[in-house]
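Undergrad: Curious how this folds, go ahead:
(2 chains)
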Amino acid sequence: MPIGRFPVEAGQVLQFARSLGDTNSIFIDPDVAAAAGLAAIPAPPTFVQSSAHFDPDYPLRPHPDRRWFGSGREATGYGPGDEDVASGMLHGEQYFVYHRPLVVGDVLTAIVRDGDMWTKQGRRGGELRFFEVITDYRDEAGELVVTARVVSVSTQHQPKET
Amino acid sequence: MTDQRTQMAIEVGDTFDQLLVEDLTRTQIVQYAGASGDLNPLHTDATYATEVAGFPGVFAHGMLTMGMTGRILTDVFGPQNLRAFGGRFVMQVWPGDSLTVTAMVTALLEEDGERRARVTVDTVREDGSSVFVGVATVAT
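TA: Sure, this is the predicted structure:
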């Protein structure tokens, strides 16, 4: 999904690094970042994933006005007519290109475009469909900061081939 | 980590290892879900993961494994020197797994007017099976 404004914030970088078990002080301390020649605290390599917080329609978090497919009273909040957004799709590959270091204080936009599509025979006979999606993250000057490319795999049956 | 280096003499074949997590907890998976914003119940909701999706339980986001793997790149080479990082999710990672990454310099090259190294990363479980294999480019 396109994202209009993704501010890179120190608190979010801290939480993201912490969730990875990353104790490198460069992600917390501006002086350590400065000693490495950086203008501010850098973001960890996979940090742009957290741009999901700034996608108003991101499907993998609950929204107050929508049914959620996770459990509450029942094992899923979805009824028979609801399509499970995560069903049958696997995250196969992920690539990032860093055009410059991403640092706290940057404010990015994200534009998403489709890449290639291809198919392959799965080991269990089913056809695997691969979809490539590319996201360009740009700063306020319009310069590319990070390009992310994801390859998703649609298994068209129970996801047991992982 | 204090072994972050810049301007270091890197040679093809140089190898670095790092323990990424010992006995991965469900709580850390939830912690990553909150930090990344990916709250998919496959990773955060055992009832959904087992009863609806048919998995033995919740499992880690691939991006948690990749994010942890990236630690060896930023620790050894410095975040300011990372130019590219990518790879393939080979197997799911489950609560209780312990992961170790090995990074190896496979080539030195000139690219975009600077000296760079190509580095492979292989993240394995305690039984030696790969869960994430990738490659990075770093400025040296």
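Undergrad: for chain B, what spans make up the strands?
TA: Secondary structure of chain B (DSSP state E): strands located at B:15-21, B:82-89, B:99-111, B:114-125, B:130-139.
Undergrad: Those strands: which one's closest to residue A:58?
TA: strand B:82-89 (20.4 Å; CB to CB). Yep, even glycine has a C-beta here, placed from its N, CA and C like the rest.
Undergrad: could I get the strands of chain B as TSV with mean pLDDT and distance to chain A?
TA: Conversion of the strands of chain B to TSV gives the following (pLDDT from 0 to 100; distance: least, CB to the nearest CB, whole Å):
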stretch	mean pLDDT	distance to chain A
strand B:15-21	98	6
strand B:82-89	98	3
strand B:99-111	97	10
strand B:114-125	98	11
strand B:130-139	98	8
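Undergrad: Next, format those strands as CSV and append mean neighbour count.
TA: Listed next are those as CSV, based on neighbours: other CB atoms under 10 Å in any protein chain shown:
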stretch, mean neighbour count
strand B:15-21, 16
strand B:82-89, 21
strand B:99-111, 16
strand B:114-125, 19
strand B:130-139, 21
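Undergrad: Kindly reformat those strands as TSV containing distance to residue A:125.
TA: Converted to TSV, these look like this (distance: least, CB to CB, whole Å):
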stretch	distance to residue A:125
strand B:15-21	35
strand B:82-89	22
strand B:99-111	31
strand B:114-125	27
strand B:130-139	24
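Undergrad: Next, name the residue at the spatial heart of chain A.
TA: Nearest to the geometric centre of chain A sits residue A:49, at 2.8 Å (CA atoms, centre = their mean).
Undergrad: Quick check: which element contains the residue lying farthest from the centre of chain A?
TA: Of all residues in chain A, residue A:125 has its C-alpha farthest from the mean position, at 30.1 Å, by CA atoms, centre = their mean. Using DSSP states H and E, residue A:125 falls within no helix or strand.
Undergrad: one step back: for residue A:149, find the nearest of the strands of chain B.
TA: With CB to CB as the yardstick, what comes closest out of these is strand B:82-89 (7.4 Å).
Undergrad: what angle sits between the closest one and strand B:130-139?
TA: Going by axes from the mean of the first three to the mean of the last three CA atoms, to 10 degrees, strand B:82-89 is angled at 170 degrees with respect to strand B:130-139.
Undergrad: Which residue comes closest to residue B:86 once chain neighbours are left out?
TA: residue A:95 (3.0 Å; CB to CB, 6 or more residues apart in numbering or on different chains).
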